[in-house]
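> sequence and predicted structure, then a few things I'm wondering about:
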Amino acid sequence: MATITKQRTLNLLLASDLAESTEGETLPILEQFLFALCRENATPEEARAAYHNLKTQFFDWNEVRVSSVAEIEEALGGLSDGETRARRVLSVLQEVFELTFSFDLESVAKKGLKQAGKALSKYAAASDYVASWVVQRTMGGHAIPVDSAMLRCVKRMGLLEAATEDAEAARASLEHLVPKAKGAEFTDAVANLAARYCWEEDPQCGNCPLHRDCPVGQETASEVVGARMTRTKPR
């Protein structure tokens, strides 16, 4: 897809009702890290509910740290891969506590955006998505967190090549396309698109506000029209 066409698709996405903010207040770095563990491959609503449970069902982060995987998984409220997420929550809390004897990662911000991202990525519980999320949401850096839902949607819209599979490569391409000032808005909009219409199976292209400009939406519409035209007329 030509750059001018990609820009048109991006502008349509950001002008749609999908782009209304969904993520709430800025969090301290460690808390944003924990929120990102909930948010990766989950809808905004699911992530907010799971993070709220972590904040309210335990006395503090130390109580979370000394709790069992099963207790944390239960608090995450049915997120996919709940056990793995719970282990990642425990891992980062334990690692931060052993390094700082506290639950504070604010010193990472002093490293500058690029080095902060690298420092966050070194935590065993981190992923490119988590580090990018924290840099975008708390540090105000230009980073586009890419999970499987994001990758699916942007490839279907033609914003990335269909063969793109690597999250870091996808992020780098999207950061060239999406202006820094629109990064968080774009992330929210694609999350809403994935949750409401662009499902992995049986996408709801006909109801999607972008279907006339989305290659997959156009293809789906053509298939529907073709099926109607070849349907046998009743006698």
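On my side now, so go ahead. In this text, all values refer to a predicted model and were calculated from it rather than measured experimentally.
> contact partners of stretch 111-131?
29, 33, 36-37, 40, 87-89, 91-92, 95-96, 105, 108-109, 132, 134-135, 139, 141, 143, 145-147, 167-168, 171 (C-beta atoms under 8 Å, 6 or more residues apart in numbering). Quick note: C-beta positions are derived from backbone N, CA and C, even for glycine.
> endpoints of that stretch, how far apart?
Criterion C-alpha to C-alpha, to the nearest Å; first-to-last residue distance in stretch 111-131 is 14 Å.
> tell me the secondary structure for residue 149?
helix (DSSP: H, G, I helix; E, B strand; the rest coil).
> contacting residues around it?
41, 190, 191, 194, 195, 198 are the contacts of residue 149 under C-beta under 8 Å, 6+ apart.
> buried ones from the contacts of stretch 111-131, can you make that a PyMOL selection?
In PyMOL, this line selects whichever of the contacts of stretch 111-131 come out buried by 16 or more other C-beta atoms under 10 Å:
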select buried, resi 29+33+36+37+40+88+89+91+92+96+105+108+109+132+134+135+139+141+143+145+146+147+167+171
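> now the helices for the protein?
3-15, 29-39, 44-56, 61-65, 69-75, 82-100, 113-121, 128-137, 148-157, 167-177, 183-196, 215-230 (DSSP state H).
> got a pLDDT number for residue 167?
Reading off the confidence values, residue 167 has pLDDT 89.
> do residue 4 as well
80.
> picking that back up, any chance of the contacts of residue 149 in JSON lines, plus pLDDT?
JSON lines is the format used below for the contacts of residue 149 (pLDDT from 0 to 100):
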{"residue": "41", "pLDDT": "92"}
{"residue": "190", "pLDDT": "95"}
{"residue": "191", "pLDDT": "93"}
{"residue": "194", "pLDDT": "94"}
{"residue": "195", "pLDDT": "92"}
{"residue": "198", "pLDDT": "96"}
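> ranking the residues you listed by neighbours, who comes first?
Counting neighbours by other C-beta atoms under 10 Å, residue 190 comes out on top of the contacts of residue 149 with 27 neighbours.
> residue 18 versus that residue, what's the distance?
8 Å (C-beta to C-beta, to the nearest Å).
> least trustworthy helix or strand in the chain by mean pLDDT?
The weakest-scoring helix or strand in the chain, judged by mean pLDDT, DSSP states H and E, is helix 215-230 (a mean of 64).
> residue 162: what's it in contact with?
By C-beta under 8 Å, 6+ apart, the neighbours of residue 162 are residue 155.
> before we move on, what about the one 5 residues further on?
The neighbours of residue 167, taking C-beta under 8 Å, 6+ apart as the test, are 127, 128, 129, 146, 147, 151.
> and the second one, how many neighbours?
Read it as residue 128. 20.
> that one and residue 151, how far apart?
Applying C-beta to C-beta to residue 128 and residue 151 gives a distance of 11 Å.
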